[in-house]
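Mind looking at a prediction? Sequence and model below.
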Amino acid sequence: MEVDPNTQIGPNGERYPSGQTPNPVPYKSPGAGGQTIYFEEADGSVSVVSIADPLPVTGGGGGGGTTGLTDTQLRATPVAVTGDFASDGLTNTELRATAVPVSSSAITDTQLRASAVPVSIAVATPTNTGTTTSVANAIANVTLKAANANRKGLMIYNDATGATLSIKLGATASATSFTVKLVAGAYYEVPYGYTGIIDAIASAAEGNARITELTAVAA
């Protein structure tokens, strides 16, 4: 290969004008995929750039001096970061190497309360209604009240003179399947929260079950 007589070739193939001492220039190792960076010193020696032996930087922000860049100059323009972080990203240790400065001034109560957090709650205003009904006592199963999701309470009074009323919180009451027995003149309050069907059966077809159901419907 013919070489220009006015061009010098350095020990690693770099070119520069003949008779001129080359400025230190970093270059990648050929065939190494650019993974290793070498630095040619002014005396021709070669160093590997590493954490222990970093790339030397001199200059006074373009003034030709040897004073390094100031903190303000370094922060004037964000440093672009590139690389394949999916396969060769920063490690957890590297990310945590320098602590992020946090102001020592604690947030005051006034600052915390400066902006209220909006809270939206839909509140249903109930309208309580009491409804009375009567069901004749019978020796076969009868339904006193169907299920009602709006039920808040229910009372039953047996106005018979001699018949006993067997009440079941559920479907199909019988002499052996019941919740409570009301003798003549007795009264029963269904537990709060029960909204299902209520059936009953009497020992004789005499008297009535007097029922009051309390309901609440959103206004």
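Done, it's in.

pLDDT of the helix ranked longest in the chain, averaged?
Secondary structure of the chain read by DSSP state H shows that its longest helix is helix 71-76. Helix 71-76 carries an average pLDDT of 74.

hey, C-alpha coordinates of it in PDB?
Extracted in PDB, the C-alpha atoms of helix 71-76 (Å, rounded to 0.1, in the frame of the first residue of the first chain):
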ATOM      1  CA  ASP A  71     -19.500  22.000  38.000                       C
ATOM      2  CA  THR A  72     -21.700  24.600  36.300                       C
ATOM      3  CA  GLN A  73     -20.100  23.800  32.900                       C
ATOM      4  CA  LEU A  74     -20.500  20.100  33.400                       C
ATOM      5  CA  ARG A  75     -24.200  20.500  34.200                       C
ATOM      6  CA  ALA A  76     -24.900  23.100  31.500                       C
END
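
distance of Ser203 from Ala163?
5 Å (CB to CB, to the nearest Å). Quick note: C-beta positions are derived from backbone N, CA and C, even for glycine.

So between those two, which is more surrounded?
Remark: of Ser203 and Ala163, Ala163 carries more neighbours, 20 against 17, as counted by other CB atoms under 10 Å.

Leaving out the residues flanking it, which one is nearest to that one?
Using CB to CB, 6 or more residues apart in numbering and skipping residues adjacent in sequence, the residue nearest Ala163 is Ala204, 4.0 Å away.

about what we covered before: and the longest helix of the chain, what other elements does it pack with?
Helix 71-76 sits against no helix or strand, with contacts defined as 3 or more CB pairs under 8 Å, 6 or more residues apart in numbering; DSSP states H and E.

quick one: buried residues of it?
For helix 71-76, the buried set under the neighbour-count rule, 16 or more other CB atoms under 10 Å, is empty.

what secondary structure does the residue nearest to Ala163 sit in?
Of the three states, Ala204 takes coil according to DSSP: H, G, I helix; E, B strand; the rest coil.

Run through the residues that contact it.
Contacts for Ala204 were tallied using CB atoms under 8 Å, 6 or more residues apart in numbering; they are 137, 139, 160, 162-163.

Now the residue lying closest to Ile197 once chain neighbours are set aside: phi and psi?
Of all residues not flanking Ile197 in the chain, Ala147 sits nearest, at 4.9 Å (CB to CB, 6+ apart). The phi/psi pair for Ala147 (degrees, to the nearest 10) reads phi -60, psi 140.

do Thr70 as well
According to degrees, to the nearest 10, Thr70 has phi -80, psi 170.

you'd agree Thr133 is up against Ile198?
No. Contact criterion CB atoms under 8 Å: Thr133 and Ile198 do not qualify, at 11.3 Å.

Looking at these two, which one has more neighbours?
It is Ile198, of Thr133 and Ile198, that has more neighbours when counted by other CB under 10 Å, with 27 against 12.

and the more buried one, what pLDDT?
On the pLDDT scale, Ile198 is placed at 97.

For it, which residues are in contact?
Contacts of Ile198 (CB under 8 Å, 6+ apart): 143-145, 154, 156, 167-170, 190.
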